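Engineer: Here is my input, please return the structure:
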Amino acid sequence: MFTISFKTEKDRDLVFGGCPAYNEEYIKDLYKGIDIKAHIGETFMDFISLTGEITANSHPYLQVAGEFADGITENSTFLVETRNYIDLIIENPEFLSNSCLMFFLELVGCSVPAMHQELCRQAGHEDEIMEEHIPEAEGMSPFERSMRAFLAYGRHVYDVPLTVYDCETIEDVCIASLHFLITHRFTIRKCKNCGKYFVAYKRSDTEYCDRPSPFNSDKSCKEDGARRTFADTVSSDELSKEIDRINTNRRMLKYRHPDDKDVEKELQMYKKHLKRWKKDYKSGVKTADEFMEWLSRHNRYTENWEYEK
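Structural biologist: Numbers count the residues shown, from 1 in each chain. The predicted structure follows:
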């Protein structure tokens, strides 16, 4: 068994239904000597974004799950449906609710793993006796003295509260993370640059994650994505202007030669292939440069039609 826990505190008290002040999660397996610290939801977002041979990865979930992770692939039913549910949350925040999560778990035949809250002492205060700071008084029981000591000095001795989930499988740790994210109203997004899931900690409308960009490893998606989006916008504007110019010229040619069947036939062929190029450009199959080069070859009527099949 292993645990995943989250710092769950704001203003020195447990938080329910809102984001904690701290952004920390811990994955621990005492028997395997695993103790990993990350941002809340970070390991979960990374895991559900994995593709290809998942078990060949060194992700923390695979380390702690051990044999319970054998045979899992990116197309495993649980992972596919989890991604589908998260996509619904991104599309419509109304799916970000405990009731929707419970129904999702019912559909996939799972449940939230056992959980509890606990206090842990801060480093360097493991052996401190708080009661020594409270003088004994007549009629004060040891219990009362301990409680008064905690109220006065607890924040100096104990760390903020943890929400701890006891896990055995990949499904357990995924559900634990998702349960915590939903319970505390974190915003989940999908990066427009790399296509991976991430938690938007500061702004709910953030479009890019902080991972290295797959297009420029020296930049983060947040840095590179904005630049690429701007460049794509400029390219799209230039393409739109060129298409409008060509279409205007072709309409004028048709107007001047209304009875020329070859002009009409070539125009219809051009429109058909222009539609396909627009679709391929929008989906990323063709680049702006490729589209512009095609337009330059078909910007006017020609008797030697060379449209690609």
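Engineer: in the stretch 51-200 of the chain, which spans are helices?
Structural biologist: 60-65, 77-91, 98-108, 142-157, 170-183 (DSSP state H, counting those that start in this stretch).
Engineer: which one of the ones you listed lies closest to Met115?
Structural biologist: When these are compared by C-beta to C-beta, helix 170-183 sits nearest Met115, at 7.2 Å. For glycine as for every other residue, the C-beta is placed from the backbone atoms N, C-alpha and C.
Engineer: So for Ile4, which of the helices of the stretch 51-200 of the chain sits nearest?
Structural biologist: Using C-beta to C-beta, the helices of the stretch 51-200 of the chain put helix 170-183 closest to Ile4, at 5.2 Å.
Engineer: Burial check on Pro135, number of neighbours?
Structural biologist: Residues near Pro135, counting by other C-beta atoms under 10 Å, number 8.
Engineer: Columns distance to His298, mean pLDDT and mean neighbour count on top of the helices of the stretch 51-200 of the chain, output as JSON lines?
Structural biologist: Conversion of the helices of the stretch 51-200 of the chain to JSON lines gives the following (distance: least, C-beta to C-beta, whole Å; pLDDT from 0 to 100; neighbours: other C-beta atoms under 10 Å):
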{"stretch": "helix 60-65", "distance to His298": "51", "mean pLDDT": "93", "mean neighbour count": "22"}
{"stretch": "helix 77-91", "distance to His298": "38", "mean pLDDT": "95", "mean neighbour count": "16"}
{"stretch": "helix 98-108", "distance to His298": "50", "mean pLDDT": "96", "mean neighbour count": "14"}
{"stretch": "helix 142-157", "distance to His298": "73", "mean pLDDT": "92", "mean neighbour count": "14"}
{"stretch": "helix 170-183", "distance to His298": "50", "mean pLDDT": "95", "mean neighbour count": "23"}
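Engineer: So Leu50 is in contact with His59, correct?
Structural biologist: Yes: Leu50 lies in contact with His59 (C-beta atoms under 8 Å); the separation is 6.7 Å.
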